[in-house]
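Enquirer: Sequence plus predicted model, see below.
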Amino acid sequence: MTRAGRPPPEFGEVSPAKALRLALAKSGQEILEQAVTGSGIEELKVGIPAIQKELPESALVLDMTGPGGCRGLVALDRSCVAAITEALTTGRISGGELPERKPSRTDALLCRKFLVMVMTVFAARLVGHPDSDWATGFVPDEPVFDLRRLPVIMEDVPYRLLRMETDFGLGARIGQVCIVVPWAGPAAVPPPAEALPPPEEDAAAWCEALEAAIMPARVELAGVLCRREITVRDYEALEAGSLIRIPMSSIANATLETATGQKIFRGRLGELDGDRALKVEWTFEDGEEGETLSAAQNDEADEMGGMDLADAMSKVPPVDLSLPSLEDEPEPELPPLDLDALEAGEGLPDLGDGGFPAMDLGEFNMDELDDLPETID
């Protein structure tokens, strides 16, 4: 009667506490054939250094593997371990004293079947609930006997620790079950290195994502037709309708520039569909600067721009563009040499009546050369 007219809850009545109680009861019935009930639940947010302090003393701890390679833990205290092993080996749960021993690998093997059922049912009961993001997909695996290895096998992220008191065999054994999973679920844990794609594929995907994010961005470009230097007096005299003369060459040298003045394109100013347009004819490379006309060049270009082609060509001085001739005039023919006459000492050219001019040796006496030795040792 009190619920009449109320809308049904969005996610039903299943909470993590109820889902865990149902999972313990189902596992006790199917695996142990014993009555197993849970009562109360404690939820803590802990880091890796605090996990060891929060787990029961001498507990059996099993490593759990979750989605995406993330890790978790499930722990049973000594009372739970004794109840499960007794139920699986003898078929009943006694209420005697607990053995003073540490859990063994045999205990882990016997308890693992029970814990796999608990985690499977726990996740199934939370389907559709927001908490299923962190509770789904964990499977108990190998035992962890040295808790000092936790920083090595688990990621350094916040963890959710659930602790529930558990009754085995209607009060025969009472212990604690602890479940440790990442607080934000598998999404908060980075995937292992072996699960990542190859570096080349990852780099290509990163470049494609970066290009997809950057290419739609808007870029403002300013069209610059010409730059002129004017005096302050001329600047103050400017008003709407003032005429500023620019060289005709600017029409073919307009540039598109960024907000910082970096030149990107150069082109020709024109008209397209009734609008002013710039036809891009050149792309500036990185660091390349466009040529800037000096004031004298602007004036000369301005003067040349007001002429037609014939007038402009008439002002060009004549240049001799003829190439030098490679055909030289032939030398006069020389008389043939008579080699036989040369051997006889005849046929030599006439050097003139005077012969060679006399050499003025000054005081040098040629007779003194007779005393020189013929050979030098």
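Expert: Yep, that arrived. Numbers count the residues shown, from 1 in each chain.

Enquirer: Give me the neighbour count for the nearest residue to residue 259 once chain neighbours are set aside.
Expert: Closest residue in space to residue 259, ignoring its immediate chain neighbours: residue 220 at 6.2 Å, by Cβ to Cβ, 6 or more residues apart in numbering. Just so you know, the C-beta spots here come from the backbone N, C-alpha and C atoms, and that holds for glycine as well. By the criterion of other Cβ atoms under 10 Å, residue 220 has 6 neighbours.

Enquirer: now residue 137
Expert: By other Cβ under 10 Å, 19 other residues sit near residue 137.

Enquirer: How about residue 253?
Expert: Per other Cβ under 10 Å, the neighbour tally for residue 253 reads 21.

Enquirer: Output the below-cut-off pLDDT ranges for the stretch 251-377 of the chain.
Expert: 286-377 (pLDDT under 70).

Enquirer: Now do the nearest residue to residue 244 once chain neighbours are set aside against residue 97, distance only.
Expert: Residue nearest to residue 244 in three dimensions, not counting chain neighbours: residue 228, with 6.7 Å by Cβ to Cβ, 6+ apart. Separation of residue 228 from residue 97 (Cβ to Cβ, to the nearest Å): 104 Å.

Enquirer: Between those two, point out the one with more neighbours.
Expert: Comparing residue 228 with residue 97 by other Cβ under 10 Å, the one with more neighbours is residue 228, at 13 against 7.

Enquirer: For residue 247, see how far away the more buried one is.
Expert: According to Cβ to Cβ, residue 228 stands 9 Å off from residue 247.

Enquirer: Over to residue 256?
Expert: 19 Å.

Enquirer: So these two - more neighbours on which side?
Expert: Remark: of residue 256 and residue 247, residue 247 carries more neighbours, 20 against 17, as counted by other Cβ under 10 Å.

Enquirer: State the phi and psi torsions of the more buried one.
Expert: Residue 247 adopts backbone torsions of phi -70, psi 150, taken as degrees, to the nearest 10.

Enquirer: Wait, it touches residue 227, no?
Expert: No. Between residue 247 and residue 227 there is no contact under Cβ atoms under 8 Å: 11.0 Å.

Enquirer: The nearest residue to residue 59 once chain neighbours are set aside: helix or strand, and which one exactly?
Expert: Using Cβ to Cβ, 6+ apart and skipping residues adjacent in sequence, the residue nearest residue 59 is residue 75, 4.4 Å away. Per DSSP states H and E, residue 75 falls inside strand 71-76.

Enquirer: Counting by contacts, list what that strand packs against.
Expert: strand 60-65, helix 105-125, strand 173-182 (3 or more Cβ pairs under 8 Å, 6 or more residues apart in numbering; DSSP states H and E).

Enquirer: And the contacts of it?
Expert: 51, 55-56, 59-66, 84, 111, 115, 118-119, 138, 140, 144, 150, 153-155, 159, 175-182, 189 (Cβ atoms under 8 Å, 6 or more residues apart in numbering).

Enquirer: Show me the domain layout of the chain.
Expert: 16-191, 219-227+248-308 (automatic domain parsing).

Enquirer: Comparing those, which comes out most buried?
Expert: domain 16-191 (a mean of 18; mean count of other Cβ atoms under 10 Å).

Enquirer: could you pull out the strands for the stretch 1-150 of the chain?
Expert: For the stretch 1-150 of the chain, the strands defined by DSSP state E, counting those that start in this stretch occupy 36-46, 60-65, 71-76, 139-143.

Enquirer: before we move on, the earlier item: what pairs with the strand holding residue 75, parallel or antiparallel?
Expert: strand 60-65 (antiparallel), strand 173-182 (antiparallel) (DSSP bridges).

Enquirer: between the ones you listed, which one is nearest to residue 30?
Expert: strand 173-182 (16.4 Å; Cβ to Cβ).

Enquirer: Go ahead and name everything in contact with the host helix or strand of residue 264.
Expert: Secondary structure from DSSP H and E places residue 264 in strand 263-272. For strand 263-272, the surrounding residues in contact (Cβ under 8 Å, 6+ apart) are 221, 225, 250-258, 276-284, 288-290.

Enquirer: Output the contacting helices and strands for whatever helix or strand comes next after that strand.
Expert: Counting by DSSP H and E, the element after strand 263-272 in chain order, helix or strand, is strand 275-283. In terms of contacts (3+ Cβ pairs under 8 Å, 6+ apart), strand 275-283 is packed against strand 254-257, strand 263-272.

Enquirer: what sits against the residue nearest to residue 156 when sequence neighbours are not counted?
Expert: Nearest non-adjacent residue to residue 156, counting by Cβ to Cβ, 6+ apart: residue 48, 6.1 Å away. By Cβ under 8 Å, 6+ apart, the residues touching residue 48 are 150, 151, 154, 156, 159.

Enquirer: For residue 48, give me the pLDDT.
Expert: pLDDT, residue 48: 90.

Enquirer: Wasn't residue 226 part of a helix?
Expert: No. Counting by DSSP: H, G, I helix; E, B strand; the rest coil, residue 226 is not found in a helix; it is coil.

Enquirer: I figured it hits residue 247, correct?
Expert: Yes. Between residue 226 and residue 247 there is a contact at 6.9 Å, judged by Cβ under 8 Å.

Enquirer: that older thread, what's the closest of the strands paired with strand 71-76 to residue 38?
Expert: So among the strands paired with strand 71-76, strand 173-182 is nearest, using Cβ to Cβ, at 7.3 Å.
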